[in-house]
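*Asks:* Below: sequence and its predicted model.
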Amino acid sequence: MDHRIPVAGRREKRFYTLFFTVLLAFFTVATLLTQYNPFQLLFQGEAFWTFLTQDFLPPTLKDPAGILSAILTTVALAVSATSCALVLGFVAAVFASPRTSIFPRGAKVLRALVTLVRNIPSLIWAFILFSALGIGTGVAFVALTISSFAFMTRTFIEVIDELADSSLEALTAAGANFPQKVAHGVVPNCLLDFIEWYLYCMELNIRSSTIVGMVGGGGIGLVLFTYIKSFNYPAAAGIILIIAALVIAVDRLMAYTRQKVLNEA
């Protein structure tokens with residue numbers, strides 16, 4: 001019996017060689033256009049490593065009560081914005097999906113608008129809103145809600161589009177109206193996917209609320225930016241470690257929650 005491990009064929013080898021050659025060419029062109037030397041940090045980064053080891057480390061922790069309050073603000077922003085976007089995204093999705101929409105032409109316009117909004121990062125929305133309305137957690141909430149709404153609407157549309165034809169066709173044949181189709185055809189079949197996307201968006205918004213906070217939205221991001229502006233780098237390093245721990249904890253919690261939802265479904 002021949003136990004030799006099969007190797008890639010000639011066609012696969014040519015494909016891989018061409019792929020990595022094109023990738024290397026893109027990398028070379030990009031470095032030339034940006035005048036960036038990827039090896040500069042390794043061979044000429046003494047100042048960076050000196051700053052990191054002498055000025056940035058060791059991390060310190062100041063005002064634990066204030067930091068805890070900022071963390072709660074960041075989490076509250078993520079939870080409230082994601083929850084609000086969940087409701088708005090669901091309503092928009094049932095009108096934007098061709099499977100359920102009662103306005104086919106309007107569905108295409110709504111779908112295109114959501115795609116446009118989705119491609120604008122939450123940080124850009126924050127800059128726009130802060131310039132127009134001023135800084136604060138309320139404006140940060142709106143910025144996160146807009147980006148989350150566009151994200152969940154787009155994903156909810158795809159979930160609804162993947163529904164089996166038989167369920168909606170049976171409801172249509174039975175004379176069900178639009179609310180009945182949504183209540184008995186969309187919600188029971190898509191609820192699990194909606195919950196999974198909601199939890200995933202929650203993870204993203206914990207990170208996004210930190211970044212939005214740095215530009216005036218409050219929370220732990222604003223605390224970090226304050227320490228950096230005041231050149232208190234050890235305290236900033238402590239905040240960075242806290243943010244990393246918060247993101248990891250939320251990631252594990254969301255993964256556990258998703259697993260529980262899947263097991264009970």
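*Replies:* Happy to help now that I have it.

*Asks:* And C84, how far from L253?
*Replies:* Per Cβ to Cβ, to the nearest Å, C84 is found 20 Å from L253. Any C-beta I mention is one placed from the backbone N, CA and C, and that applies to glycine too.

*Asks:* Over to P188?
*Replies:* Distance from P188 to L253, by Cβ to Cβ: 26 Å.

*Asks:* The two - which one has more neighbours?
*Replies:* L253 (13 against 10; other Cβ atoms under 10 Å).

*Asks:* Please name the residues that touch that one.
*Replies:* Applying Cβ atoms under 8 Å, 6 or more residues apart in numbering, we find L253 in contact with no residue.

*Asks:* what helix or strand is it on?
*Replies:* helix 233-264 (DSSP states H and E).

*Asks:* which parts of that helix are buried?
*Replies:* Across helix 233-264, burial judged by 16 or more other Cβ atoms under 10 Å covers 233, 235-240, 242-243, 246, 250, 254, 258.

*Asks:* what distance separates it from the centre of its chain?
*Replies:* The chain centroid and the centroid of helix 233-264 are separated by 14 Å under Cα atoms, centre = their mean, to the nearest Å.

*Asks:* what is the rounded mean pLDDT of that helix?
*Replies:* When pLDDT is averaged along helix 233-264, the result is 82.

*Asks:* got it, and stretch 30-46?
*Replies:* On average, stretch 30-46 scores 74.

*Asks:* cool, stretch 159-167 as well?
*Replies:* 73.

*Asks:* now what about stretch 34-51, what contacts it?
*Replies:* 30-31, 233.

*Asks:* can you tell me which residues contact the most centrally placed residue in the chain?
*Replies:* Per Cα atoms, centre = their mean, the C-alpha nearest to the average position across the chain is that of L204, at 3.5 Å. L204 makes contacts with 148, 151, as judged by Cβ under 8 Å, 6+ apart.

*Asks:* ranges for the strands of the stretch 1-150 of the chain?
*Replies:* Secondary structure of the stretch 1-150 of the chain by DSSP state E, counting those that start in this stretch: no strands are present.

*Asks:* which regions of it sit below the pLDDT cut-off?
*Replies:* Residues of the stretch 1-150 of the chain meeting the criterion pLDDT under 70: 1-9, 41-45.

*Asks:* Distance-wise, check the spatially closest residue to V94 that is not a sequence neighbour relative to L163.
*Replies:* Spatially, and ignoring its direct neighbours in sequence, V94 is nearest to T100 (4.9 Å; Cβ to Cβ, 6 or more residues apart in numbering). T100 is 9 Å from L163, where distance means Cβ to Cβ.

*Asks:* neighbour count winner among those two?
*Replies:* T100 (20 against 16).

*Asks:* if we can go back for a sec, if I look at T100 and L163, which residues touch both of them?
*Replies:* 185-186.
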